[in-house]
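In: generate a structure from the sequence data that follows.
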Amino acid sequence: MSGRGRGRGRGRGRGRGGGRGRGSSRGRFGGRGRRYQAANEASNITQATEPTIYDIDTDPKALFTGTASCKDHLEAQNSNRTRYAAALSVMISTKIQVAQNACIRALAMAWARGDKELAGAFLKLRSQFGLVEVLRALNTLDAGRQSRVIERKLKCLQLSGAKVKQSKLGKLKSDVDNLNKLKPPLGSASGAVCKHVATWVRGFTSEDLEFFAVNFPKEPWKKLADICHLHPEKDFPSAPWFLPFSFGTGPPPENSIIEHSQSLTQDNVNELVAQHDIPYSIVKAFKTKLNTQSKERIAQYEKKLDTVLWYYEDLACSETDAVIDSRLAAGEPVNLPNGKLLERLLTILLLRNPTLAARRYGQSVSYSGEPEGVTNFFTRLIDVAEPRLTSIKLSLESPVVVIGDASGSMEVAIRTSTIIASLLTAICSAKLVFFNTQTRDAPFLPKTVKEMLKLAVTTIASGGTTPAASLAPFYLEKKVVKTFIVVTDEEENGVHNGEYFADLYKRYHDEVYPAHLVFVSFLRSQHASGQMVNALQAKGFAPMQLRLEGSRPDLCKLDDLFAQLSAGTTTSFTEQLEAAERDIRSRGVADHLTSVGNFSSQKFENADSQQNS
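Out: So this is what the prediction gives:
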C-alpha cells in the first residue's frame, strides 16, 4: 500500500479525471455489519401517503422522515437554510427518528452547495452522520464521474470488436442507469469535499478507531480512503496502524483487544474471556460455548449495564443475576430506550417463569407477580423502569382509545402487542379494548409497570380478526373519540354487521368525529404494507403507522412513535422549531447544532446496543 491506500492514481493535488486509479465505489457495501445498519436504519414510522411536493416552510419535518430527493433537499437548503437546520435540530432533540437517506442527501447537498459550515455541523452529529452516511453522500456526489468511467469502458468494449457477453454489457448499462439516477442535480466529490472529509477523519480518537476495528467491517474505510486519498499517518494521527489494518497490509496493535478478538475461537473463548475484556459483541458468536464463569465475568466487565440486559438471554445464570443486582443496587444507570426496557422486563419475566412462556394457543394462565417483600435484580429493574415509563406524557386530545388485537394470528406477538397497548393506555389515560371476532374491555386498566406485565402475560390470543367489532360500539353510541390507536397484525379476516374496519371507520369519520388514526402494525417484514392501512388509504385516509416485524418486534421504535405523536398532535413542534430558528440566527448554525447532541466517542457504542433490534 506504500503507506497510503491501494490503487492510488493521483496525489494530494487532487487532479480529476480517468486516471484516479480506483474502480467504481458504490454506495452500498455488502460487508456492512447489522449493528451499524440497525443504528442508522430509516424510520419505519410513516404517514400512509407522503407529500409529492416538499415545502420547508409549511412542513419541514417531511423532508427528514419521508423520501425527499437530493433536489428537494437542495431547494430547501437554498430557500430557507435556517428553518432547514432548525427542523433537523428539533427532530433530534425530541427523538423523532430521522430517515437515513435524508441524512445522506442533506450532507451531500450541503457539500454540493459549498456550505462548509452546515456540512461541518452535520458531521458533529455523530448519531445521525456516521461513516455510512458520509460514504454514501460521497458516492452520491461521485455518481456522475463513476457513470462516465463506465460509459468509457462500455464504449471501448463496443469498439474493440472483441466478443463480449451480452450479460456483461447489460450489467454495465444497468450500472450506468443506476448511477445516473443517483447523480444529484449539483456537485461532485471534489477536492474541497475530500479535504473536509479528511478533517473529519482526523477528529477520531484512538479509542474510536479501535472500536471501529473491533466491531465494523473494513470495506467502508477502504472505499472512503480510495475516494478521499486518506493518509495513514496524516489523517489518522491517533492510530497510524488503522488504515493499513483496514487494507489488510498491517497488523493491529500488539496485545490489543483487536488482536485478541481476531484470535477468538470456540475452543479458546472461555480462556480469553478470563484474561481479557473482550466486548460481548464479538464474544457472542461463541455464546453456546460460554461457561458460567465467562458469563459472570462478561456481566462484570461490560462497561454498560445496558449491554448485559440487552443480551440477558445469552448470559442468564444465577451468577449473572447477582452481578446485575449488585450493579443496580450501586445505582448504575439503565439507559435503554423505554420500549426496549419494557421488552427486557417482559423477556426476563418469562425466563423466570417458564410456565408462562410455555402456554399453548388459547390457554389461560394466572400470574400474581413477584412475592411481596422480595428484592432481586428483577424487582430492582422494575423500580428503575417505573418512574421512567409512567412519567412519559403525550399531549393527545382526550378521549383516546387503544384497540388491541387478541386474535389467534397474533399468538407470536400477543405479549409484545399487549404491553405496547398497556403502555399507551397508561401514558394517554386511554380506554383499552381488545378484539378477536368480538370486542371486550380489558380486565383492568394498567397504570404501573407491574400491571402492564401482568396484562401482557395473561391476555389470551384466539379466534378470528375482526377489528371492526371494537370500533362498532363507539359508532353505534355516537361516542366522540379524538384518537384511535390500533395495535394489530392487520390480518383482518372478519366483518362486523357486514363491514370491514375501513368501511366502518369512514362512517364514524363522516357521521361522528374525524378521529386521528394511529397504527402499530406487526407485519411479516418491516417494509411490508399492512392490509388495513392499505384499505384506509384507498378510501382517502392517511393514518400514522409504526411498522414492526411480527416475529422480532423492535420496541426501540416506540420512543420514536411517542415523539411523532407529540409533534403531530400538538403545537410543541412548531414552538420548538421557532425557538431553534431564533437560536440559529443568534448563534449560528454550527454552534446551535453542536449543542443539540452528545458528540463524545461513546456515542458509537449505541450501535452495539442495537444489534438485536
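
In: all strands of the chain, in order?
Out: 45-47, 400-405, 431-435, 439-441, 483-488, 516-523, 544-549 (DSSP state E).

In: closest one to residue 246 among these?
Out: Taking Cβ to Cβ, strand 544-549 is the member of the strands of the chain nearest to residue 246, at 32.4 Å. Backbone N, C-alpha and C define where each C-beta goes, glycine included.

In: now do that closest one, average pLDDT.
Out: Averaged over strand 544-549, pLDDT sits at 88.

In: that strand pairs with which strands, parallel or anti?
Out: strand 45-47 (antiparallel), strand 516-523 (parallel) (DSSP bridges).

In: next one: residue 184 from residue 133, what distance?
Out: 15 Å (Cβ to Cβ, to the nearest Å).

In: ignore what I typed, I meant residue 550.
Out: Using Cβ to Cβ, residue 550 is found at 29 Å from residue 133.

In: please apply the same query to residue 84.
Out: From residue 84 to residue 133 the distance is 17 Å (Cβ to Cβ).

In: how about the helices in the stretch 401-550 of the chain?
Out: 414-428, 449-458, 468-476, 501-511, 531-538 (DSSP state H, counting those that start in this stretch).

In: out of these, deepest packed?
Out: Of these, the one with the most neighbours on average (mean count of other Cβ atoms under 10 Å) is helix 414-428, at a mean of 25.

In: now do it: which elements does it pack against?
Out: With contacts taken as 3 or more Cβ pairs under 8 Å, 6 or more residues apart in numbering; DSSP states H and E, helix 414-428 sits against helix 338-352, helix 377-390, strand 400-405, strand 431-435, helix 449-458, strand 483-488, strand 516-523, helix 557-569.

In: do you know which of the ones you listed lies nearest residue 274?
Out: helix 377-390 (23.5 Å).

In: got the buried residues for the closest one?
Out: With burial defined by 16 or more other Cβ atoms under 10 Å, the residues of helix 377-390 counted as buried are 377-382, 384-385, 389.

In: again, but for stretch 390-407
Out: Using 16+ other Cβ under 10 Å as the test for burial, stretch 390-407 gives 392, 394, 396, 399-407.

In: so which of those comes closest to residue 143?
Out: When those are compared against residue 143 (criterion: Cβ to Cβ), the nearest one is residue 394, at 41.8 Å.

In: distance of the closest one from residue 352?
Out: Relative to residue 352, residue 394 is positioned 31 Å away (Cβ to Cβ).

In: and the longest helix for this structure?
Out: With DSSP state H applied, the helix covering the greatest number of residues in the chain is identified as helix 131-160.

In: buried ones in that one?
Out: Buried residues in helix 131-160 (16+ other Cβ under 10 Å): 131-147, 149-151, 154.

In: most distant residue from the centre of this protein?
Out: The C-alpha centroid of the chain is most remote from residue 161, which lies 50.2 Å away (Cα atoms, centre = their mean).

In: give me the pLDDT for it.
Out: pLDDT at residue 161 comes out at 80.

In: need the strands of the chain in JSON lines (columns: distance to residue 585).
Out: Below are the strands of the chain laid out as JSON lines (distance: least, Cβ to Cβ, whole Å):
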{"stretch": "strand 45-47", "distance to residue 585": "30"}
{"stretch": "strand 400-405", "distance to residue 585": "37"}
{"stretch": "strand 431-435", "distance to residue 585": "45"}
{"stretch": "strand 439-441", "distance to residue 585": "52"}
{"stretch": "strand 483-488", "distance to residue 585": "35"}
{"stretch": "strand 516-523", "distance to residue 585": "34"}
{"stretch": "strand 544-549", "distance to residue 585": "32"}
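
In: which residue ranges of the stretch 201-350 of the chain form helices?
Out: Using DSSP H, counting those that start in this stretch, the helices of the stretch 201-350 of the chain run over 206-215, 219-228, 242-247, 257-262, 269-275, 280-283, 292-301, 305-310, 312-315, 318-329, 338-352.

In: for those helices, which one sits closest to residue 554?
Out: Residue 554 sits nearest to helix 338-352 of all the helices of the stretch 201-350 of the chain, at 8.1 Å, using Cβ to Cβ.

In: what packs against that closest one?
Out: Other helices and strands packing on helix 338-352, by 3+ Cβ pairs under 8 Å, 6+ apart, are helix 305-310, helix 312-315, helix 354-357, helix 377-390, helix 414-428, helix 449-458, helix 557-569.

In: now tell me what touches the second one from outside.
Out: Read it as helix 312-315. Under the contact criterion Cβ atoms under 8 Å, 6 or more residues apart in numbering, helix 312-315 has outside partners 280, 284, 287, 290, 295, 298-299, 308, 320, 344, 347-348, 351.

In: what about 7 Å?
Out: 284, 287, 295, 298-299, 308, 344, 347-348, 351 (Cβ atoms under 7 Å, 6 or more residues apart in numbering).

In: show me the shaky parts of the stretch 251-400 of the chain.
Out: Where the stretch 251-400 of the chain drops to pLDDT under 70, the residues are 357-375.

In: mind redoing it with 80?
Out: Scanning the stretch 251-400 of the chain for pLDDT under 80 picks out 354-375, 389-397.

In: repeat that for the stretch 501-613 of the chain.
Out: Within the stretch 501-613 of the chain, the ranges that satisfy pLDDT under 80 run 526-528, 552, 559-560, 562-572, 597-613.

In: swap the cut-off to 70 and go again
Out: Flagging of the stretch 501-613 of the chain using pLDDT under 70 yields the residue ranges 567-571, 597-613.

In: contacts only, for residue 384.
Out: Contacts of residue 384 (Cβ under 7 Å, 6+ apart): 328, 334.

In: again, only this time at 10 Å
Out: 305, 328, 331-334, 336, 341, 345, 449 (Cβ atoms under 10 Å, 6 or more residues apart in numbering).

In: what do you get for residue 328?
Out: By Cβ under 10 Å, 6+ apart, the contact set of residue 328 is 305, 309, 334, 376-381, 383-384.

In: one more time with 7 Å
Out: Neighbours of residue 328 in contact, by Cβ under 7 Å, 6+ apart: 377, 380-381, 384.

In: what about residue 285, distance to residue 460?
Out: On the measure of Cβ to Cβ, residue 285 and residue 460 end up 38 Å apart.

In: when the two are compared, which one has more neighbours?
Out: residue 460 (17 against 12; other Cβ atoms under 10 Å).

In: since that was my last question, I'll sign off now.
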